[in-house]
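Asker: Output the structure for:
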Amino acid sequence: MNKNQFPMVANYKSMSGDTYHFEFFESDKFDNVPLESITQSAVFAFHKDKILIVNNTTKPGQYGPVMGGVEKGENPNHTLARELKEESNMRLIDYKLIGYQKATVIEKPERPADYHMRYVAIVEPFGPFTPDCDPDGDVTELLEVELKDFKKYCNWGEIGDFIMQKSLEWVAERNKGFDN
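Answerer: So this is what the prediction gives:
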């Protein structure tokens, strides 16, 4: 596959046994995505020179970026800020949408597609993280890991590699302005 060929596709077998078909599109806006079908925001969040990952009670021992469901009346950007606060006790300093993922359940073709927004962000702590920060009690652990170790904890395959590449490019470009 060409490096920038979209959509990038992948299949994922969930813990419930459903197989999801993902189609990822690079985009810095969600104008072409049906707002009512956006169900999730996930963020590759950077604090200083490390990336945040969380351990979720629904998948013990499996780590991933901060993410969560879009609540009624929220847009995906609001979800991003809320989930960062709840799951990591961090606040947004700056962020950018990298793209979105269309998710369909292969075994349920009649079910409408969901859309998942993928962001990069610079964050800073409100204070220390404890599991009590998350009102749902889903997140039990927050790690700040070195970039070289990220895939040991969270491997999203080619789509994740692309999101990480774009995230690192954005962080480097953004930080250029702060080096002067």
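Asker: How about the contacts made by the nearest residue to Trp156 once chain neighbours are set aside?
Answerer: Among residues not flanking Trp156 along the chain, Ile163 sits closest, at 7.1 Å (Cβ to Cβ, 6 or more residues apart in numbering). From N, CA and C alone the C-beta is placed, and that goes for glycine too. Residues in contact with Ile163, defined by Cβ atoms under 8 Å, 6 or more residues apart in numbering, are 44, 98-99, 118, 120, 156.
Asker: for the helix or strand Ile163 falls within, which positions count as buried?
Answerer: In the assignment (DSSP states H and E), Ile163 maps to helix 157-176. Residues of helix 157-176 classed as buried by neighbour count (16 or more other Cβ atoms under 10 Å): 159-160, 162-164, 166-167, 170-171.
Asker: a markdown table for those, including pLDDT and distance to Met15?
Answerer: A markdown table is the format used below for the buried residues of helix 157-176 (pLDDT from 0 to 100; distance: Cβ to Cβ, whole Å):
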| residue | pLDDT | distance to Met15 |
| --- | --- | --- |
| Ile159 | 96 | 19 |
| Gly160 | 95 | 18 |
| Phe162 | 97 | 24 |
| Ile163 | 96 | 22 |
| Met164 | 96 | 24 |
| Lys166 | 97 | 28 |
| Ser167 | 96 | 26 |
| Trp170 | 96 | 31 |
| Val171 | 95 | 31 |
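Asker: Would you format the residues you listed as CSV with distance to Lys85 included?
Answerer: Formatted as CSV, these follow (distance: Cβ to Cβ, whole Å):
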residue, distance to Lys85
Ile159, 26
Gly160, 24
Phe162, 27
Ile163, 22
Met164, 23
Lys166, 24
Ser167, 20
Trp170, 22
Val171, 21
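Asker: Good, wrapping up.
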